[in-house]
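1. here is a sequence with its predicted model. Questions after.
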Amino acid sequence: MDLVNSLEGRLLFAVPKKGRLLQAALNLLEGADIQFKRENRLDIALVKNLPIALVFLPAADIPTFVGEGRVDLGITGYDQVQEHDAGTRALARLRRLSNDWDSSRAPNKPQGCETVLDLGFGACRLQVQVPAKGQYVERKDLIGKNVGTSFVHLAREYFARLEMEQEGIQDTTKVEGRKLRTKIIELSGSVEAACALGVADGIVDLVESGETMKAAGLKAIDTVVETSAILIKSKAPSDPALVDLIASRIRGVITAQRFVLCQYNVPRAKLAAATEITPGKRAATVTALDEEGWVAVSVMVEKKRIAVVMDDLVQVGAEDILVLDIHNTRSN
Ligand SMILES: Nc1ncnc2c1ncn2[C@@H]1O[C@H](COP(=O)(O)OP(=O)(O)OP(=O)(O)O)[C@@H](O)[C@H]1O
Ligand SMILES: O=P(O)(O)OC[C@H]1O[C@H](OP(=O)(O)OP(=O)(O)O)[C@H](O)[C@@H]1O
């Protein structure tokens, strides 16, 4: 049977095929025990232990496939979903204007995608940037100028709103179809080079550490969207129960990545002070020790806080503090 026919009856799950989100997405799939083998150059992989097929797509296209209900689940950036939604708003406005809408072609499934959960990686900001030592200081200085970006729809909405604000228009929500004075130039990568090469006066691009921006002699003057990787689902998934199962597994893996298990012994008289430092996700597990007046505590603590928590526990009299990695978790 060919691969396309073997997709029948399987939940389709889109994963970024390359780039910044790929490795972290693969780690999540492994943690969620979604087993597959991706053949060389094939963008579809059948999952061995669940009725799922993985589809490897560019992160920017995943909101389209999920939003149209062609794929049930997907991992992509929140920025990509926002860009896709802004594009959909622009297209709808164009169609209304040109009466180019044949209702018989309307999709029979509800359109759009829903966010299931934040995946806790791929955090960065979509920012407006200008040359650090140039003539542009504030965002309004870019009105009427050339702005380079891969996020053309979000940039158009951003500058439409900015231009309306400058003209004293109170309601800046109706941005679609507005004739822009600012020229948005579509670039597909290496956007930071656009200012130095004279293609643009400013750019709208992603910033994580800020190293690329700094190296290109740019500075950020505003943030358009704060983003991180998210799990999205279509509004009418083929198997809602399986979507919930996958979401629950992935949530468990993310919790395991974020928390460590902290165990310590403490005099019962100091227990209240200690559990104030480590209240746990729900509550601390406290068990009696085979030593008069002492108890053992076991509790989940956020990984990034653990060093300070251990310092504070020692201060209140805790002893024998152990910190253990959590392999996986599951809860409702
Ligand atoms: N520096 C970064 N730090 C963290 N996340 C990022 C960073 N750059 C991009 N991302 C996230 O990863 C998503 C995909 O970006 P990435 O540049 O990896 O895509 P790509 O598919 O390789 O596309 P392209 O070919 O345009 O570079 C972005 O939409 C964003 O959510
Ligand atoms: O703030 P930083 O940590 O330096 O990261 C920001 C850079 O990362 C992304 O580009 P990527 O490297 O994915 O390549 P691209 O320019 O081809 O999109 C983004 O477009 C910036 O250029």
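-> Received, thanks. Residues are numbered from 1 along each chain as shown. Ligands and ions are numbered 1, 2, ... in the order given.
2. and the residue sitting furthest away from the middle of the chain, what helix or strand is that in?
-> The C-alpha centroid of the chain is most remote from E292, which lies 49.7 Å away (C-alpha atoms, centre = their mean). Take DSSP states H and E as the rule and E292 turns out to sit in neither a helix nor a strand.
3. residues in contact with it?
-> With contact set as C-beta atoms under 8 Å, 6 or more residues apart in numbering, E292 has no partners. C-beta: built from backbone N, CA, C; applies to glycine.
4. read off the pLDDT value for it.
-> We have a pLDDT of 92 for E292.
5. and it, how far from ligand 2?
-> To ligand 2, E292 is 55 Å away according to C-beta to the nearest ligand atom, to the nearest Å.
6. swap in H327?
-> 30 Å.
7. what's the answer for E167, then?
-> From E167 to ligand 2 the distance is 31 Å (C-beta to the nearest ligand atom).
8. so what's the residue count around that residue?
-> 10 (other C-beta atoms under 10 Å).
9. which pLDDT does the model give I169?
-> I169 is given a pLDDT of 83.
10. same question for the one 10 residues further on.
-> On pLDDT, K179 comes in at 85.
11. report the secondary structure state of it.
-> The local conformation at K179, judged by DSSP: H, G, I helix; E, B strand; the rest coil, is coil.
12. and it, how many residues sit next to it?
-> The burial count for K179: 6, using other C-beta under 10 Å.
13. mind checking how far it is from ligand 2?
-> K179 is 28 Å from ligand 2, by C-beta to the nearest ligand atom.
14. ok, now K281?
-> For K281, the distance to ligand 2 - C-beta to the nearest ligand atom - is 31 Å.
15. go on, N328?
-> Taken as C-beta to the nearest ligand atom, the span from N328 to ligand 2 is 30 Å.
16. likewise for P237?
-> 30 Å.
17. ok, for that residue, nearest residue in space, not its chain neighbours?
-> D72 (4.1 Å; C-beta to C-beta, 6 or more residues apart in numbering).
18. now do the contacts for the residue lying closest to K270 once chain neighbours are set aside.
-> Nearest non-adjacent residue to K270, counting by C-beta to C-beta, 6+ apart: G317, 4.4 Å away. The contact partners of G317, by C-beta under 8 Å, 6+ apart, come to V266, P267, K270, A273, A274.
19. correct me, but the fourth one touches V314?
-> Right, the one you point to is A273. No: A273 is beyond contact range of V314, at 11.9 Å (criterion: C-beta atoms under 8 Å).
20. neighbour-wise, give me the winner out of the contacts of G317.
-> Most neighbours among those, by other C-beta under 10 Å: V266, with 25 neighbours.
21. who does the helix or strand hosting that one pair up with?
-> In the assignment (DSSP H and E), V266 maps to strand 259-267. Strand 259-267 has these partner strands in its sheet, going by DSSP bridges: strand 294-302 (antiparallel), strand 319-325 (antiparallel).
22. quick check: mean pLDDT of the helix or strand that that strand is followed by?
-> Next in sequence after strand 259-267, counting helices and strands by DSSP H and E, comes helix 271-277. Helix 271-277 carries an average pLDDT of 97.
23. just the CA coordinates of helix 271-277, formatted as CSV?
-> Taking Å, rounded to 0.1, in the frame of the first residue of the first chain, the C-alpha atoms of helix 271-277 are listed here in CSV:
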residue,chain,number,x,y,z
LEU,A,271,8.0,22.0,58.7
ALA,A,272,5.7,25.0,58.2
ALA,A,273,8.7,27.2,57.4
ALA,A,274,10.1,24.6,55.0
THR,A,275,6.9,24.0,53.1
GLU,A,276,6.4,27.7,52.7
ILE,A,277,9.6,27.6,50.7
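24. for the closest residue to ligand 1 within the stretch 51-200 of the chain, give me its contacts.
-> Distances between the stretch 51-200 of the chain and ligand 1 by C-beta to the nearest ligand atom are smallest at G77, namely 2.1 Å. Residues near G77 by C-beta under 8 Å, 6+ apart: L21, A59, G122, T227, S228, A229, I230.
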